[in-house]
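Prediction below, plus the sequence it came from.
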Amino acid sequence: MNSDDVQIIKKTWEIPVSTPTDSGATILTTFFNRYPSNLEKFSFRDVPLAELPTNSRFRAHASRIIRVFDESIQALGQDGDLEKIGEIWTKVATNHIPRKISKESYNQLKEVILEVLTAACSLNESQAQSWAKLVDHVYVIIFKAINDDGDAI
Ligand code: HEM
């Protein structure tokens, strides 16, 4: 990520972060509709897909995902930003280890995150590339902490 990437990410992030829970809910709804087996890991697994957007536990998880991105994006461009982002995402990966989330599931979520952000922010090709660099970067951190089955390495 160069300084242009950082500027693009910070500027375009203002749109989805202005409605964090709705943005997170769009990501998670798309994720579970497209890859429903991931729902089995969640406490709200028995809630019908159509009712998820109004479920409080679902909404809490949706806004948490956005908060993790927001913390990372706020750190970008500051002294020690990559160390801070390393800490944030190592913690995410470590906290998820007991849930055994496979790399495939993480990659499914990654695809959806980039797609939803591209639509929400009307990203052009080059802006989408800047976002992909950030998401690829955090995924390197996650995958360093887990093996293919999501266990600790
Ligand atoms: C971009 C990647 C992700 C981020 C930023 C993220 C963030 C979070 C956060 C902040 C929490 C709550 C704190 C905690 O207990 O760790 C959480 C919980 C959880 N995450 Fe993730 N997560 C990500 C990917 C995934 C994926 C791919 C799955 C796969 C199904 C998943 C499944 C869960 C589950 C099952 C919980 C517990 C929630 C509950 O029981 O209601 N997460 N996640």
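Cool, got the structure. Remember, predicted model here, so these are calculated numbers, not experimental data.

Next one: the residue lying closest to residue 43 once chain neighbours are set aside relative to residue 95, how far apart?
Leaving aside its sequence neighbours, residue 43 sits nearest to residue 57 (C-beta to C-beta, 6 or more residues apart in numbering; 5.8 Å). (Glycine included, C-beta is placed from N, CA and C.) From residue 57 across to residue 95, the span is 16 Å (C-beta to C-beta, to the nearest Å).

Repeat that for residue 134.
20 Å.

Same check on residue 115?
Applying C-beta to C-beta to residue 115 and residue 95 gives a distance of 25 Å.

chain center to stretch 46-58: distance?
19 Å (C-alpha atoms, centre = their mean, to the nearest Å).

for it, what is the average pLDDT?
Across stretch 46-58, pLDDT averages out at 94.

Return the alpha-carbon coordinates of that stretch using CSV.
Taking C-alpha atoms only, stretch 46-58 is exported to CSV below (Å, rounded to 0.1, in the frame of the first residue of the first chain):
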residue,chain,number,x,y,z
ASP,A,46,-31.3,-21.4,13.6
VAL,A,47,-32.6,-18.0,12.6
PRO,A,48,-34.1,-18.0,9.0
LEU,A,49,-31.9,-16.1,6.6
ALA,A,50,-34.7,-13.6,5.9
GLU,A,51,-34.9,-12.7,9.6
LEU,A,52,-31.2,-12.2,10.1
PRO,A,53,-31.1,-8.5,9.3
THR,A,54,-33.3,-7.7,12.3
ASN,A,55,-31.6,-10.2,14.7
SER,A,56,-29.7,-8.4,17.4
ARG,A,57,-26.8,-11.0,17.7
PHE,A,58,-26.4,-10.9,13.9
